[in-house]
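Peer 1: Sharing a model that was predicted from the sequence below.
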Amino acid sequence: MSFYKKNLGLIITAILLLAALSAGLVFLGKKQAGRTTATEITDFNSGKMTIGVAQGYIFDAAVKEALPKAKLRYYDTRELAMRGLLAGEVDAVAEDEASIRAMLRSTDAFAMIDGYLTEDAYAFVFPKTKDGEELAKEYSSFIQKKRNLGELAELEDKWFGKATDNKQSEDLPKAPAGGRTLNLAFYDTDIPFSYVSAGRPVGFDIDVAIAFCREKGYGLNATGMEFNEMLDSIEQGTYDFGCGSVTVSEERGERFTFGEPDYYGGVRLVVSATVKNRAGQGVLNRFADSFSVTFLQEGRGWLFLGGIFTTILVTLLAVVVGTPIGMIAYAASRRGHLIVRMVVKALVWIIQGVPALMIIMSLYYAFYRDLKIGGILAGVIGFALSFGNDLYGNLSYHAKQLNDGKTEEDYRLYAIQGDAFFKTLLSAERTGIAFGFRESALHLLKMTSVLGFIAVQDMTKVMEIIRTESYEQVMILTATTIAYFILIKAAGGLLSRIRYGAEDN
């Protein structure tokens, strides 16, 4: 009874938290149950419907015109809009038809509603200058010719069809001696029109640009960027032309010169098939349905097993590689030449201050991104350095536990007989060192779980903000590394002061 009296406040807090969590689940259940059961485009023209749109595009205008009664919810990116749809935040998302079709090739999580909000034409954009207008005329003549020959239809079938093994573009053409090279700005995440795959620009629009330059004898340089940045660069005349499913509109016609449209499509609504199928179900039923879809229908269970295997593999290899690294580093810091000792201690100091994930990312993008097992190699090396650093600290700490005379005697003995010092140290501090080794290994297993389930599965998607072709993004990685290095060193210094202050007291 005394236990309940002493912990009454804690018990009441726990009960209130559980009640709040239950209420939240019930609210979410009602909210999700109310999410879309609409199957016709006209069903979304209601004040009860919320349509998600990405900012900076024409999607909101299309919704306002076709579905004036529907509510709008804005997202910073198209990817965030789709995540919001899956989370049940909106009833549908307005998107380009071609982008929806590309997405549906790789997932069954979404469904497309029949009918268009708007029917649009997509075209390349050119600067509103004399040179830009001349190039646009030349390009338009090329497009008309390719359409009449049926070659544009072939490209549409390649990029918008169901086949998944042909989504590659040829190398960018080089200009002949004395020839002109055109600079193309393209929206680099606009699948399937223009995006980056394995470090190369690919897509429907990229194929069109390559074919145009080859036929006209131009060289081609292509630079990927965000959509609005691409439009601004064309308006300013920084690039010769730009692409990325740019919708032709009167408003944009005041800023750019449009080429002949290379694709006709429009804006349509996409809904979450999972949320739609779960409409009206309770929380437990929706959980069971979600489990079935995730692990059975979509086969993601194999990905989880693969992630577990990767986690264990990386952990074991990191321990095997990191153990000699830590022992050699410790031995060199004690026995080596003065310069060697200084270098080793400096490297240890740096590794202590840089997060393991930053080391892995740097290794991956600098050396291993083009290798099939590049993610695993970067993970093994990065975590091996981290584990070796932990072992270095473990050995250093327990060496200090020996009495002064014994320590000096062991150092001299080690200098003469090689591994005798390690034998003496491990004999005297075996229990403590073994405990530290085990804890470091368990901590490593926890860290590599992130690599196993996320990073190694597809580092290019997880770290999609990192683009090796962009110095700006490399600068972000460098700045983040430096910031965390300073933070960790400052926190370490503060904690050391607290510890020593406690010992002095």
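Peer 2: Sure, I can see it.
Peer 1: Burial check on Gly237, number of neighbours?
Peer 2: Neighbour count for Gly237, taken as other C-beta atoms under 10 Å: 13. To be clear about C-beta, it is placed using only N, CA and C from the backbone, and glycine gets the same treatment.
Peer 1: I misspoke; the intended subject was Ala87.
Peer 2: 12.
Peer 1: which SS class is Ser396?
Peer 2: With DSSP: H, G, I helix; E, B strand; the rest coil as the basis, Ser396 sits in helix.
Peer 1: now Glu119
Peer 2: strand.
Peer 1: got it, and Met103?
Peer 2: Using three-state DSSP, the structure places Met103 in helix.
Peer 1: Strands of the stretch 151-300 of the chain, residue ranges please.
Peer 2: Assigned by DSSP state E, counting those that start in this stretch, the stretch 151-300 of the chain shows strands spanning 181-187, 189-190, 194-197, 200-202, 219-225, 241-243, 256-258, 263-272.
Peer 1: quick one: low-confidence ranges for the stretch 401-505 of the chain?
Peer 2: When residues are selected by pLDDT under 70, those of the stretch 401-505 of the chain lie in 401-433, 436, 442-443, 446-505.
Peer 1: Could you tell me the phi and psi values at the residue lying closest to Phe256 once chain neighbours are set aside?
Peer 2: In this structure, Phe256 finds its nearest non-sequential neighbour in Val125, 4.1 Å apart by C-beta to C-beta, 6 or more residues apart in numbering. Main-chain torsions, Val125, degrees, to the nearest 10: phi -120, psi 150.
Peer 1: can you pull the contacts of Val125?
Peer 2: Counting by C-beta atoms under 8 Å, 6 or more residues apart in numbering, Val125 touches 231, 234, 241-243, 246, 252, 256-259.
Peer 1: Including distance to Ala198, neighbour count and pLDDT, could those residues go into CSV?
Peer 2: Converted to CSV, these look like this (distance: C-beta to C-beta, whole Å; neighbours: other C-beta atoms under 10 Å; pLDDT from 0 to 100):
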residue, distance to Ala198, neighbour count, pLDDT
Leu231, 26, 21, 94
Ile234, 26, 26, 95
Phe241, 24, 23, 97
Gly242, 22, 30, 96
Cys243, 20, 28, 95
Val246, 25, 28, 91
Arg252, 32, 16, 91
Phe256, 30, 22, 93
Thr257, 33, 22, 95
Phe258, 31, 19, 96
Gly259, 28, 26, 95
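Peer 1: Please convert those residues to TSV, extending it with distance to Gly382.
Peer 2: Formatted as TSV, the contacts of Val125 follow (distance: C-beta to C-beta, whole Å):
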residue	distance to Gly382
Leu231	39
Ile234	40
Phe241	41
Gly242	38
Cys243	37
Val246	40
Arg252	46
Phe256	45
Thr257	49
Phe258	48
Gly259	47
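Peer 1: Tell me the one of these nearest Met82?
Peer 2: Distance ranking of the contacts of Val125 against Met82, using C-beta to C-beta, places Val246 first at 20.7 Å.
Peer 1: returning to that earlier point: the strands of the stretch 151-300 of the chain: which one's closest to Thr50?
Peer 2: Of all those, strand 263-272 comes closest under C-beta to C-beta, at 11.8 Å.
Peer 1: residues of the closest one that come out buried?
Peer 2: With burial defined by 16 or more other C-beta atoms under 10 Å, the residues of strand 263-272 counted as buried are 263, 265-272.
Peer 1: quick one: least confident of those residues?
Peer 2: When the buried residues of strand 263-272 are compared by pLDDT, Ser272 scores lowest at 82.
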